[in-house]
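> Please work out how this folds:
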Amino acid sequence: MDTVQEKEAFKNLPFREDGTIDINEMMRRELEHMVNQIMDWQADELRGEGNRRNGYRERKLVTVLGEITMRIPKLREGTYFPDELIRPYSRVDRAMVAIVKEVYVRGLSTRKIEKAANALEFASLSPSRVSRMTAELDEEVAALNAARFDGMAFPYLWLDATYLSCRDEGHVQSKGVVTTIACGEDGSRRFVGFGVVDTESAVSWKAFLRGLRRRGVTGVKCVVSDDHEGLVQAIAEVFQGAAWQRCIVHLERNVAGWFSKKEEKLTAIAAMKAVFAERDPQLVRAAYRQAAERIAQLKAHAGELLEDAEADALAYLDFPYEHHVRLRTNNVQERANEEIKRRTKVVGVFPSVESMMRLVGSVLIDVNEEWLEMNFIDAASLKGVCRSVPDCAPIPADVVELARIRVMAAIEEKLGKAA
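This is a model prediction of the structure:
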């Protein structure tokens, strides 16, 4: 080496254990240095005369070269943020900013909204930035509801309705927002659509489902949902030949809702839990009938509800064994529902249908990205999947007796713990 500077530069290079230079790490360090240098220049230009720097705040940024640490300059007066380099808010946060903006414009601000505005540092956002954030988000949300899925079959769908309050036509109204998850033949899952649906109207359900089919959601073998009036008819017309699986979690709640006495409610819940704790199809069917009989002894209407729902509650048994746990409930929707409800608590009442749909769409896009690399159901088990012909042979007496014992044991255990 000819100079001290060259020796120092060589010493600071990132070396691997084998003595070679780590080019990727060298580029990562250079990127980090350049980004921080650019932010320093921008902050110096922004602060002008009379204003001074006030230290830094660090933020991590994941790049193709690895994670870098951004040292974002702080100013004594005003704020600086490197908009050109990173986005300050997630999609859902940007949807919240748009809601806050609309609330203020309409003069509907509440204490909850004030807190949300402070958390989002809304006062520091310029009107142009808010408009830009909203426009970008609207494009992404619209793209989710317009995406086409030609060339792939979707054997399974999960539909769920969440009821949110929003202002429409000058009044606060409850709106049913339906979200749809599809499992593709490649084993992946994704939200394929959402919209406002009158959940008591078959016409409204049909319009929603036809929209999915037009966009390429085909090859449907089973649709999982709660018992919404008009939905079963819509499924039969739009996805002809597909089974309808009634969510067993919602069915359990519907049955339990018939009971006011604690002991009777615990008995009904324990009987139903015992049914779905079994995995053998024959034993599940036998236990279901035993539970229905026991519940009917407590409350005739509850027993009739369970009896009438048997075919739909046990539809999952007609599909491959390894799919049963996924198909019998709507639990796959929980992640998105939790986030939607968490944000809704802050908003209270959405200022418009558009703001409500923007927030819901933002949550679904984020969840889709989380699921991107996850395998939901083994693709090999989905190949040629179809509904099997139910076994109509009488259930053997020993299976019926075992089912009775299991149901009664579950009830006794539950009541014993409650005593």
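
> how close does the residue most central in space within the chain sit to residue 213?
The C-alpha lying nearest the average C-alpha coordinate of the chain belongs to residue 336 (C-alpha atoms, centre = their mean; 2.3 Å). Applying C-beta to C-beta, to the nearest Å, the value for residue 336 to residue 213 is 22 Å. Any C-beta I mention is one placed from the backbone N, CA and C, and that applies to glycine too.

> Check residue 284 too.
32 Å.

> tell me which element the residue nearest to the centre of the chain falls in.
helix 334-347 (DSSP states H and E).

> Report the buried residues of that helix.
Buried residues in helix 334-347, defined by neighbour count with 16 or more other C-beta atoms under 10 Å: 336, 339-340, 343-344, 347.

> need those in JSON lines with pLDDT, can you?
Listed next are those as JSON lines, based on pLDDT from 0 to 100:
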{"residue": "336", "pLDDT": "80"}
{"residue": "339", "pLDDT": "80"}
{"residue": "340", "pLDDT": "81"}
{"residue": "343", "pLDDT": "74"}
{"residue": "344", "pLDDT": "75"}
{"residue": "347", "pLDDT": "76"}
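
> Turn these into a markdown table, columns for distance to residue 27.
A markdown table is the format used below for these (distance: C-beta to C-beta, whole Å):
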| residue | distance to residue 27 |
| --- | --- |
| 336 | 38 |
| 339 | 36 |
| 340 | 41 |
| 343 | 39 |
| 344 | 44 |
| 347 | 44 |
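
> Name the nearest of the residues you listed relative to residue 410.
Nearest to residue 410 among the buried residues of helix 334-347: residue 336, at 31.9 Å, using C-beta to C-beta.

> Outside of stretch 148-158 itself, list whatever touches it.
180-186, 192, 212, 215-225, 239, 323, 326-327, 330, 332-333, 377, 382, 385 (C-beta atoms under 8 Å, 6 or more residues apart in numbering).

> let's go with 7 Å and repeat that
Contacting residues not belonging to stretch 148-158 are listed as 180-185, 192, 215-224, 327, 330, 332-333, 382, 385 [C-beta atoms under 7 Å, 6 or more residues apart in numbering].

> Quick one: buried ones out of those?
180-185, 192, 215-217, 219-224, 327, 330, 332-333, 382, 385.

> Report the secondary structure state of residue 13.
Counting by DSSP: H, G, I helix; E, B strand; the rest coil, the backbone at residue 13 sits in coil.

> Near it, how many other residues are there?
By other C-beta atoms under 10 Å, the residues close to residue 13 number 12.

> Verify the contact between it and residue 21 for me.
Yes. Counting by C-beta atoms under 7 Å, residue 13 does reach residue 21; the two are 5.5 Å apart.

> In the longest helix that the chain contains, which residues are buried?
Among the elements of the chain assigned as helix by DSSP state H, the one spanning the most residues is helix 23-47. Of all the residues in helix 23-47, those buried under the rule 16+ other C-beta under 10 Å are 28-29, 31-32, 35-36, 39, 42-43, 47.
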